[in-house]
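A.B. asks: sharing a model prediction with you, sequence too.
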Amino acid sequence: MQATADVTKKESSWSGWKGQAIDLLYWRNVKQSGAVFSSVLLLLFSLTQFSVVSVGAYLALAALSASISFRIYKSVLQAVQKTDEGHPFKAYLEIEIALSQEQISKYADKILLYTNTCMKELRRLFLVQDLVDSLKFAVLMWLLTYVGALFNGLTLLILAVVSMFGMPVVYEKHQAQIDQYVGLIRTQVNSVVGKIQAKIPGAKRKEE
C-alpha cells in the first residue's frame with residue numbers, strides 16, 4: 001500500500017510540474033511567463049557578451065548582495081524594535097533539498113535509458129540498417145552545416161527559447177490552419193519518400 005501511495009504521489013507531482021510548464025509556455029499567467037521569458041533571454045544575451053564564468057560570478061554577486069542587504073536590514077530592524085523573529089531566511093534554510101537515494105537511482109535509470117536509446121539509434125543510422133532513414137539523417141546533417149555557418153550555439157538557443165514561448169500561443173490561436181498546412185507538407189514528404197523507396201533497391205522497409 002505504501003509503495004502504491006508513493007507511486008501515486010510521484011505521478012501527481014510529475015503531472016503538477018507538467019501542468020505548470022504548459023501554463024508557463026501558453027502564457028496562462030502573463031506576469032509569470034513574462035518574468036521567466038525575459039530572465040532567460042537576458043541571461044542568454046549576457047552570455048553573448050560575456051563569458052560563462054563572468055555571468056555566473058555577476059549573478060552570484062547580485063544574489064549575495066540582495067540576501068546580505070536583506071539580512072542586515074532585518075537584523076537592524078529587530079534590534080530597533082527589540083523583537084526576536086530569528087533568521088529571516090529560517091523557513092528556506094529548513095527546507096530539505098537533498099536528493100534521496102531513490103530519486104538519484106530514478107534519474108540515473110532515465111539517463112541510462114536515454115543514452116542507450118540514442119546510441120542504438122546512431123548505430124542504426126551510421127551502419128545504414130535502413131537506407132531511407134540514413135539518407136534522411138545525412139540530409140539533416142547537411143542542412144545543419146548551413147545552419148552552423150549562419151548561427152552560433154547561443155543564437156540557436158535564443159531562437160529556441162523565443163519559439164518555445166511564442167509558437168504554442170500561435171498554434172493555439174491558429175490550430176486549424178496550421179494543422180492543414182502541416183498535413184499537406186507531411187503528405188508531400190511521404191510521397192517523395194515513397195518514390196525514393198520504390199526506386200532505390202533495398203530501400204523499402206520490411207513489413208513486420
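C.D. replies: Yes, it's here.

A.B. asks: against Ser75, how distant is the residue lying farthest from the centre of the chain?
C.D. replies: Farthest-out residue of the chain from its mean C-alpha position, per Cα atoms, centre = their mean: Lys82, at 47.8 Å. Between Lys82 and Ser75 the computed distance is 12 Å (Cβ to Cβ, to the nearest Å). For the C-beta atoms, the positions are set from N, CA and C on the backbone; glycine is no exception.

A.B. asks: and Ala138, by the same measure?
C.D. replies: Separation of Ala138 from Ser75 (Cβ to Cβ): 65 Å.

A.B. asks: what about Gly194, helix or strand, and which?
C.D. replies: Using DSSP states H and E, Gly194 sits in helix 175-199.

A.B. asks: other SSEs contacting that helix?
C.D. replies: Contact partners of helix 175-199 among helices and strands, from 3 or more Cβ pairs under 8 Å, 6 or more residues apart in numbering; DSSP states H and E: helix 131-150.

A.B. asks: now do the helix it packs on: which elements does it pack against?
C.D. replies: Packing partners of helix 131-150 (3+ Cβ pairs under 8 Å, 6+ apart): helix 101-126, helix 175-199.

A.B. asks: flag every buried residue along it.
C.D. replies: Within helix 131-150, the residues scored as buried using 16 or more other Cβ atoms under 10 Å are 131-135, 137.

A.B. asks: tell me the angle of it relative to helix 175-199?
C.D. replies: Angle, helix 131-150 to helix 175-199, by axes from the mean of the first three to the mean of the last three Cα atoms, to 10 degrees: 120 degrees.

A.B. asks: and the helix or strand containing Gly19, what's its mean pLDDT?
C.D. replies: Using DSSP H and E, Gly19 maps to helix 2-25. With pLDDT averaged residue by residue, helix 2-25 scores 63.

A.B. asks: who's in contact with whatever helix or strand comes next after that helix?
C.D. replies: For helix 2-25, the succeeding helix or strand toward the C-terminus, using DSSP H and E, is helix 30-49. For helix 30-49, the external contacting residues (Cβ atoms under 8 Å, 6 or more residues apart in numbering) are 23-25, 27, 55, 58-59, 154-155, 157-158, 161-162, 165.

A.B. asks: neighbour-wise, which of the residues you listed leads?
C.D. replies: Using other Cβ atoms under 10 Å as the neighbour test, those are led by Phe165, with 20 neighbours.

A.B. asks: SS state for Gly86?
C.D. replies: Look at Gly86: counting by DSSP: H, G, I helix; E, B strand; the rest coil, its state is coil.

A.B. asks: relative to Ala79, how far out is it?
C.D. replies: 13 Å.

A.B. asks: one more: Val53?
C.D. replies: Distance of Val53 to Ala79, given as Cβ to Cβ: 38 Å.

A.B. asks: and if you look at Gly19?
C.D. replies: Going from Gly19 to Ala79 by Cβ to Cβ gives 44 Å.

A.B. asks: flag the helix or strand of the protein with the lowest per-element mean pLDDT.
C.D. replies: Ranking every helix and strand in the chain by mean pLDDT, DSSP states H and E puts helix 2-25 at the bottom, with a mean of 63.
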